[in-house]
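Asker: Sequence first, predicted coordinates after that:
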Amino acid sequence: MSVVFEKTHALTDAHFHYCPGCTHGIIHRLVGECIEELGVLGDTIGVAPVGCSVLAYNYFDCDMSEASHGRAPAVATGIKRVLPDKTVFTYQGDGDLASIGTAEIVHVAHRGEKITTIFVNNAIYGMTGGQMAPTTLIGQKATTSPYGRSAEHCGMPLRVAEMLATIDGAAFVERVSVHDPRHVKKAKKAIMNAFKCQLEGHGFGIVEVLSSCPTGWGKTPEEALEWLVENMIPYYPLGNLRDPWKEKSDEH
Amino acid sequence: MSKVLMKGNEAVGAAAIKAGCRFFFGYPITPQNELPEYMSRELPKVNGTFLQAESEVAAINMVYGAAGAGARVMTSSSSPGIALKQEGISYIAGAELPCVIVNMMRGGPGLGGIQPTQADYFQATRGGGNGDYRTFTFAPASIQEAVDLLIEAFDIADQYRIPALVLGDGMIGQMMEPVEFNEPKQRPLPKKDWITTGTGGKRKPNIVNSLYLDPDELEEHNMRLDKKHKEIEANEIRYELYNMESPEIVLVAYGTTSRIVKNAIAILKEEGIEAGLIRPITLWPYPYGVFRELPKSVKALLTVEMSLGQMLDDVKIANEGRLPVHFYGRAGGVIPVPKEIVTKVKAIMGGEQP
Ligand SMILES: Cc1ncc(C[n+]2csc(CCOP(=O)(O)OP(=O)(O)O)c2C)c(N)n1
Ligand code: SF4
């Protein structure tokens, strides 16, 4: 029998703890595949966040550091400044990156730090039990927005990719989704490019990945993916916002 | 080597570079700005990196990353900034990373002021961050000592994989004194085989982490840290005894205050009163032991601080109820003068109760 498909070697054999239907697992695999295919696994240091993916350090088969809530970009900065020739990435949720860690992500982009950030936007705090995130949609119910998020009360959902794309040091910015195989493929390409952006020394690269949280949203895995398509994508449009290669060629 | 006249903050920077520190992450705050400024000027000359972080929170987390990647790394700040760094310090202690943190204390609470105090003693020795952890703490009394202790702090941090704090104050940072840069004493240091530098495909991944979801595992980790803390208590306590042959009263003071106390002791001597000084050089671990071997002549203890009585707690613990423990302190950045201390000692000798 010939092997037609294998799990990436960039992931360990540890079992994911993620809920059924959660797309964190898919995103892990895409990140792992990219690192493996780029041939940099032995030269990679990952920084795990606080949130559902807090145990990411057990899943990636490379050196890993666990950061405090929101501070992964600062930790990654410290690592990258010591080891400028290594590949450094952070993997962060929306509570981590868009709430407690907004200063750190803005400034890692602002400095054009040559790291790659995988930003998992599931519009909710999964790990702590489904509280409202800065990315929670208007009208969306969460355990701390039981009447549905209202803009008047706590502002409009934060569009992180758009915000970071205004910063000069952010060399690669793209928003993708992983709700179906076609989009998973696109997501992989974006993640690959975000790493290439680092390897080629252009500056900071971030991929915002729209992700499902069936548990936090109170939906079945299938309903959750439908909800993502119907509600998240219209507010968080998919596409590339910054690309160092395109921008370079545009100049000519 | 010859002596050079240097400002405390700059001398500390020079000592760090001498100790092999090549990475510095900081954020401006008075009265320690000359230190990051010095590092920004001098580190590039030795292929090192100075980076001004966007905040103290980011700075200490950059330290965490750099230490995890195996670098000799330092940060500095002053009181409100160290308060912000406490989150990171707890994580650094939890992940057992070596680094050096300088606090040139100023008055608080809150924004407080910019004059020297010793009001961060609790923060330094009890920890402002969460969890069962300790930070090794040196308290230099002169710029020469700041330089010598800073160099040693790096070795202690590496040996025990612990954050080492050098607790000065605005006075130590701002004044100028002649200093000599001595060759650091070499101690055998363990190999850093736990750092995250990339596996190179040759070894199992290393993980820098402070999370233990299983309470049994976390307790085990806490026990391991505790064992290390006990080892430091056994090996690294440092103090100075001054005029301790047969004093009637023993003053306890550290850092800048201890120098003022020494002047007070000289005045008292002229007036026929013998006063001694216990000067803790390490605040954690604290030299509790010396209080058990005081000469029979000692009738009372007097703790003098530039705070309203923070080290006083440790003196009381050390004294174990044997002698009356008095206190004299000034706060808010007011520096006590020898005359005030002399007056206080006389009042105690005259029968004043604590
Ligand atoms: C300083 C601090 N504050 C709060 C928490 C609690 N906390 C853990 S995970 C989390 C939310 C994470 O949400 P997100 O980043 O969106 O990730 P998800 O769990 O949704 O994947 C919070 C608030 C913490 N660990 N540390
Ligand atoms: S709580 Fe949500 S984000 Fe967390 S693992 Fe479960 S489904 Fe995924």
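Answerer: The structure has been received and is ready for your questions. Ligands and ions are numbered 1, 2, ... in the order given.

Asker: residue ranges for the helices of the chain, please.
Answerer: In the absence of a named chain, chain A is used. With helices called from DSSP state H, chain A shows them at A:24-37, A:56-59, A:72-82, A:94-95, A:102-110, A:151-154, A:160-165, A:181-199, A:214-217, A:221-227, A:233-235, A:244-250.

Asker: Wait, chain B was what I had in mind.
Answerer: B:8-18, B:34-42, B:56-68, B:79-94, B:121-126, B:143-160, B:170-174, B:215-235, B:255-270, B:312-319, B:338-349.

Asker: The spatially most distant residue from the centre of chain B and A:Tyr59, how far apart?
Answerer: Distance from the C-alpha centroid of chain B peaks at B:Gly201, with 40.4 Å (C-alpha atoms, centre = their mean). Distance of B:Gly201 to A:Tyr59, given as C-beta to C-beta, to the nearest Å: 18 Å. In this view, the C-beta of every residue, glycine as well, is placed from N, C-alpha and C.

Asker: Can you find the residue of the stretch 101-250 of chain B that comes nearest to ligand 2?
Answerer: B:Leu213 (14.3 Å; C-beta to the nearest ligand atom).

Asker: so what's the spatially most central residue of chain A up against?
Answerer: Nearest to the mean C-alpha position of chain A, by C-alpha atoms, centre = their mean, lies A:Phe119 at 1.9 Å. Applying C-beta atoms under 8 Å, 6 or more residues apart in numbering or on different chains to A:Phe119 gives the contacts A:92-94, A:97-98, A:105, A:160-161, A:206-209.

Asker: same deal with B:Ala318?
Answerer: Here B:Ala318 is in contact with B:286-288, B:290-292 (C-beta under 8 Å, 6+ apart).

Asker: One more: A:Thr12?
Answerer: If you count contacts by C-beta under 8 Å, 6+ apart, then A:Thr12 has A:58-61 around it.

Asker: Equivalent analysis for A:Pro237, please.
Answerer: Contacts of A:Pro237 (C-beta under 8 Å, 6+ apart): A:Arg175.

Asker: Likewise for B:Asp120?
Answerer: B:Asp120 neighbours (C-beta under 8 Å, 6+ apart): B:79, B:82, B:103, B:105, B:108, B:167.

Asker: And the residue of chain B found nearest chain A, what's its pLDDT?
Answerer: Per C-beta to the nearest C-beta, B:Gly65 is where chain B lies closest to chain A, at 2.5 Å. pLDDT for B:Gly65: 98.

Asker: Next: the one 4 residues further on.
Answerer: pLDDT, B:Ala69: 98.

Asker: One more: the one 10 residues further on?
Answerer: The pLDDT attached to B:Ser79 in the predicted structure is 98.

Asker: who's in contact with it?
Answerer: B:103, B:105-108, B:112, B:117, B:119-120, B:123.

Asker: What about B:Asn243, how many residues nearby?
Answerer: 17 (other C-beta atoms under 10 Å in any protein chain shown).

Asker: Torsion angles phi and psi at it?
Answerer: As for B:Asn243, its main-chain torsions (degrees, to the nearest 10) stand at phi 60, psi 50.

Asker: list the contacts for the residue nearest to it when sequence neighbours are not counted?
Answerer: Closest residue to B:Asn243 apart from its sequence neighbours, by C-beta to C-beta, 6 or more residues apart in numbering or on different chains: B:Gly276 at 4.6 Å. By C-beta under 8 Å, 6+ apart, B:Gly276 lies in contact with B:241-245, B:247, B:249-251, B:265, B:298.

Asker: Redo those as CSV? Include distance to A:Arg182 and pLDDT.
Answerer: Output for the contacts of B:Gly276, formatted as CSV (distance: C-beta to C-beta, whole Å; pLDDT from 0 to 100):
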residue, distance to A:Arg182, pLDDT
B:Leu241, 77, 98
B:Tyr242, 78, 98
B:Asn243, 83, 98
B:Met244, 81, 98
B:Glu245, 87, 97
B:Pro247, 84, 98
B:Ile249, 83, 98
B:Val250, 79, 98
B:Leu251, 77, 98
B:Ile265, 82, 98
B:Val298, 83, 98
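
Asker: can the residues you listed go into TSV with extra columns for distance to A:Pro234?
Answerer: Shown next, in TSV, are the contacts of B:Gly276 (distance: C-beta to C-beta, whole Å):
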residue	distance to A:Pro234
B:Leu241	74
B:Tyr242	75
B:Asn243	79
B:Met244	78
B:Glu245	84
B:Pro247	80
B:Ile249	78
B:Val250	75
B:Leu251	72
B:Ile265	77
B:Val298	79
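
Asker: Mind checking which of those residues land in strands?
Answerer: Taking DSSP state E as the definition of strands, the contacts of B:Gly276 contribute B:241-242, B:249-251.

Asker: Give me the buried subset of these.
Answerer: B:242, B:249-251 (16 or more other C-beta atoms under 10 Å in any protein chain shown).

Asker: and which of these is nearest to ligand 1?
Answerer: B:Leu251 (41.6 Å).

Asker: one step back: how far away is the residue nearest to the centre of chain A from chain B?
Answerer: The gap separating A:Phe119 from chain B is 18 Å, by C-beta to the nearest C-beta, to the nearest Å.

Asker: Quick check: closest non-adjacent residue to B:Gly309.
Answerer: B:Phe327 (5.0 Å).

Asker: For the one you found, give its distance to B:Ser307.
Answerer: In terms of C-beta to C-beta, B:Phe327 sits 10 Å off from B:Ser307.

Asker: Near chain A, which residues of chain B are found?
Answerer: B:23, B:25, B:49, B:51, B:53-55, B:57-59, B:61-71, B:73, B:87-88, B:91, B:95, B:196-202, B:205-211 (C-beta under 8 Å from any C-beta of the partner chain).

Asker: could the helices of chain A go into JSON lines alongside distance to ligand 2?
Answerer: Below are those laid out as JSON lines (distance: least, C-beta to the nearest ligand atom, whole Å):
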{"stretch": "helix A:24-37", "distance to ligand 2": "5"}
{"stretch": "helix A:56-59", "distance to ligand 2": "12"}
{"stretch": "helix A:72-82", "distance to ligand 2": "17"}
{"stretch": "helix A:94-95", "distance to ligand 2": "10"}
{"stretch": "helix A:102-110", "distance to ligand 2": "19"}
{"stretch": "helix A:151-154", "distance to ligand 2": "21"}
{"stretch": "helix A:160-165", "distance to ligand 2": "17"}
{"stretch": "helix A:181-199", "distance to ligand 2": "16"}
{"stretch": "helix A:214-217", "distance to ligand 2": "4"}
{"stretch": "helix A:221-227", "distance to ligand 2": "8"}
{"stretch": "helix A:233-235", "distance to ligand 2": "18"}
{"stretch": "helix A:244-250", "distance to ligand 2": "31"}
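
Asker: Out of these, which gets nearest to B:Ile281?
Answerer: With C-beta to C-beta, the closest approach to B:Ile281 among the helices of chain A belongs to helix A:72-82: 29.9 Å.

Asker: That closest one near chain B anywhere?
Answerer: Yes. Using C-beta under 8 Å from any C-beta, helix A:72-82 reaches chain B at A:73-82.

Asker: Might you report the residue contacts of the residue nearest to A:Glu33 when sequence neighbours are not counted?
Answerer: Closest residue to A:Glu33 apart from its sequence neighbours, by C-beta to C-beta, 6+ apart: A:Thr8 at 4.6 Å. Going by C-beta under 8 Å, 6+ apart, A:Thr8 touches A:29, A:32-33, A:36.

Asker: Just the buried residues of those residues.
Answerer: A:29, A:32-33, A:36.

Asker: how many neighbours does the residue of chain A found nearest chain B have?
Answerer: Using C-beta to the nearest C-beta, A:Gly78 is the residue of chain A that sits closest to chain B, at 2.5 Å. Neighbours of A:Gly78 under the rule other C-beta under 10 Å: 32.

Asker: wait, what's in contact with it?
Answerer: A:Gly78 neighbours (C-beta under 8 Å, 6+ apart): B:23, B:25, B:61-69, B:71, B:73.

Asker: What about the contacts of B:Ser79, which one has the most neighbours?
Answerer: Most crowded among the contacts of B:Ser79, counting by other C-beta under 10 Å, is B:Met105 at 33 neighbours.
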